[in-house]
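Enquirer: Return a 3D structure for these sequence lines:
(one chain, ligands or ions: 1)
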Amino acid sequence: MAQQSNPCAPLASMSLDPNNYKRPDEFHGFRFIHTSDLAQSLSKSQSHSFQVPEGERPSEFTDLSGVPLWGVGKLSCAGRHYASAVIKTTVALFLTNWDMQLVAPNARQHFTWRSWIYPYADTKVILRLRSQTGEGF
Ligand code: HEM
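Expert: Next up is the predicted model:
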């Protein structure tokens, strides 16, 4: 590799490659957990259609193998376990406590730069705190 070159990983196309993730065009919120954990955690739920795509491998979010979200090798992200905990806690709090709705659902919500996809910072969301009567934390 030439000196001063900037190597880049095309994360968007790697994430949509069926060799890396099964049925990548479909949203499966539980695609990375063990199927037995999914069955156990949803066993008391009413009927649901959640599934793990056939052939998908369970993974730790902070795993360094595969798509290099956290960088590679010796330079990989030292804060990834902290980042993972904050991201999961934040998502869990929002899903549990708030009803969320986009102000303009049909407006464009992201732009791309090189291989990255960025959400527009000015996308507006309406948050409604769920009633405190038994729902949420
Ligand atoms: C979603 C959040 C994060 C992502 C996607 C991310 C991603 C990355 C990536 C891709 C690298 C490698 C950069 C390179 O190869 O030059 C890196 C390095 C690093 N990250 Fe993160 N990071 C995140 C959050 C954090 C947080 C919260 C901390 C600290 C609390 C942190 C600390 C570091 C450090 C210290 C390095 C340099 C490691 C080294 O060179 O030895 N990161 N991160």
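Enquirer: from here on, contacts and neighbour counts on C-alpha atoms
Expert: Fine.
Enquirer: State the phi and psi torsions of residue 26.
Expert: Main-chain torsions, residue 26, degrees, to the nearest 10: phi -100, psi 140.
Enquirer: Would you mind measuring from it to the ligand?
Expert: Distance of residue 26 to the ligand, computed by Cα to the nearest ligand atom, to the nearest Å: 22 Å.
Enquirer: gap between the lengthiest helix in the chain and the chain center?
Expert: If you go by DSSP state H, the chain has its longest helix at helix 80-97. Chain-centre distance of helix 80-97: 11 Å, with Cα atoms, centre = their mean, to the nearest Å.
Enquirer: and the helix or strand following it, which strands flank it?
Expert: Next helix or strand after helix 80-97 toward the C-terminus (DSSP states H and E): strand 98-102. Note on strand 98-102: by DSSP bridges, its sheet partners are strand 125-129 (antiparallel).
Enquirer: ok, now which ones touch residue 131?
Expert: With contacts defined as Cα atoms under 8 Å, 6 or more residues apart in numbering, residue 131 is in contact with no residue.
Enquirer: Please tell me how far it sits from residue 14.
Expert: Per Cα to Cα, to the nearest Å, residue 131 is found 41 Å from residue 14.
Enquirer: Same question for residue 7.
Expert: Distance from residue 7 to residue 14, counting by Cα to Cα: 15 Å.
Enquirer: okay, those two: which has more neighbours?
Expert: residue 14 (17 against 7; other Cα atoms under 10 Å).
Enquirer: Just the element for that one, please.
Expert: Secondary structure assignment for residue 14, by DSSP H and E: helix 11-15.
Enquirer: Now do the longest helix of the chain and strand 125-129, the angle between them.
Expert: Put simply, helix 80-97 runs at 70 degrees to strand 125-129, going by axes from the mean of the first three to the mean of the last three Cα atoms, to 10 degrees.
Enquirer: That concludes my questions; thank you for your assistance.
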